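J.: requesting a structural model of the entry that follows:
(2 chains)
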Amino acid sequence: DTAVSQTPKYLVTQMGNDKSIKCEQNLGHDTMYWYKQDSKKFLKIMFSYNNKELIINETVPNRFSPKSPDKAHLNLHINSLELGDSAVYFCASSQVGSEYGTYNEQFFGPGTRLTVL
Amino acid sequence: AQKVTQAQTEISVVEKEDVTLDCVYETRDTTYYLFWYKQPPSGELVFLIRRNSFDEQNEISGRYSWNFQKSTSSFNFTITASQVVDSAVYFCALRGYSNDYKLSFGAGTTVTVRA
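T.: Numbering: from 1, shown residues only, chains lettered A, B, ... in the order given. Sure, this is the predicted structure:
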């Protein structure tokens, strides 16, 4: 009954390959996110989807393409992997409220450690 | 633009000591939300506490307490009577009241609690 799950947990691949990371949440949230955590532990937003609609697209190479088939899933596909893509990728979800004062705290998945060789 | 600064890179304490983590933020939003997350050595990110910009009342929850001061744009977090299991990286995060809902994180403070 994990709230936010990601697969795989570890991903080791060669430069130039294409890979996908899957994320699912069972919290009934309407917004999902992808964050990247680099080797220095710095966390940065990559994408966000609200009700399957892209609402955040930070400065991320076009090789990264998120896909949200439904509100509970947000997958991340990466083409032509590069050494610099090695990082931990976190999926998160929150319920975005319209009421003043809604916190919308985000709940994170366990992370996917991507290593590009 | 939003910015979160955690000036302390690493803190090392002996068990049972109190630990205070500093967080200073910048935002143009008049309404915003602040959070603390914990990342233990196992790697997951765990939500700890939250505070909104219009509620400056400080609170205590178990061994955690937080001190939010709007005048100095600070949102400090204290662990009382630290335990070895508190060893982790702690992140302060900020979300402005806008349509994108993204969290801006500080660089994190690594807390090591020695037995």
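
J.: once you drop chain neighbours, what's closest to residue 8?
T.: Reading this off chain A. Nearest residue to residue A:8, sequence neighbours excluded (Cβ to Cβ, 6 or more residues apart in numbering or on different chains): residue A:112, at 6.2 Å. C-beta: built from backbone N, CA, C; applies to glycine.

J.: meant chain B actually
T.: residue B:109 (4.7 Å).

J.: ok, the one you found touching residue B:12?
T.: No. Here residue B:109 does not reach residue B:12: they are 11.1 Å apart, not a contact under Cβ atoms under 8 Å.

J.: compare those two (neighbour count), which wins?
T.: Taking neighbours as other Cβ atoms under 10 Å in any protein chain shown, residue B:109 and residue B:12 compare with residue B:109 leading, 21 against 12.

J.: who in chain B is up against chain A?
T.: With Cβ under 8 Å from any Cβ of the partner chain as the criterion, chain B meets chain A at residues B:31, B:33, B:35, B:37, B:39, B:43-47, B:50, B:52, B:54, B:89, B:91, B:95, B:99-105, B:107-108.

J.: quick one: buried ones out of the residues you listed?
T.: Among the residues of chain B next to chain A, those classed as buried by 16 or more other Cβ atoms under 10 Å in any protein chain shown are B:33, B:35, B:37, B:39, B:45, B:47, B:50, B:52, B:89, B:91, B:95, B:101-105, B:107-108.

J.: so how many other residues sit close to residue B:56?
T.: Residue B:56 has 12 neighbouring residues, counting by other Cβ under 10 Å.

J.: look up which helix or strand it falls in, please.
T.: Using DSSP states H and E, residue B:56 sits within no helix or strand.

J.: state the pLDDT value of it.
T.: We have a pLDDT of 75 for residue B:56.

J.: ok, it touching residue B:70?
T.: Yes. Assessed by Cβ under 8 Å, residue B:56 is found in contact with residue B:70 at 5.8 Å.

J.: list the residues that contact both of residue B:109 and residue B:12?
T.: Counting by Cβ atoms under 8 Å, 6 or more residues apart in numbering or on different chains, residue B:109 and residue B:12 have no contacts in common.

J.: element containing the spatially most central residue of chain A, please.
T.: Centroid-nearest residue in chain A, with Cα atoms, centre = their mean: residue A:34, separated by 2.5 Å. Element membership for residue A:34 (DSSP H and E) is strand A:31-37.

J.: quick one: contacts for the residue nearest to residue B:8?
T.: B:6, B:8, B:9, B:10, B:11, B:21, B:22, B:89, B:90.

J.: what does residue B:72 give?
T.: Contacts for residue B:72 (Cβ under 8 Å, 6+ apart) come out as residue B:24.

J.: ok, back up a step: quickly check: the strand holding residue A:34 near chain B or not.
T.: Yes. Judged by Cβ under 8 Å from any Cβ, strand A:31-37 comes into contact with chain B at A:31, A:33, A:35.

J.: quick check, nearest of the residues you listed to chain B?
T.: Distance ranking of those against chain B, using Cβ to the nearest Cβ, places residue A:31 first at 6.1 Å.
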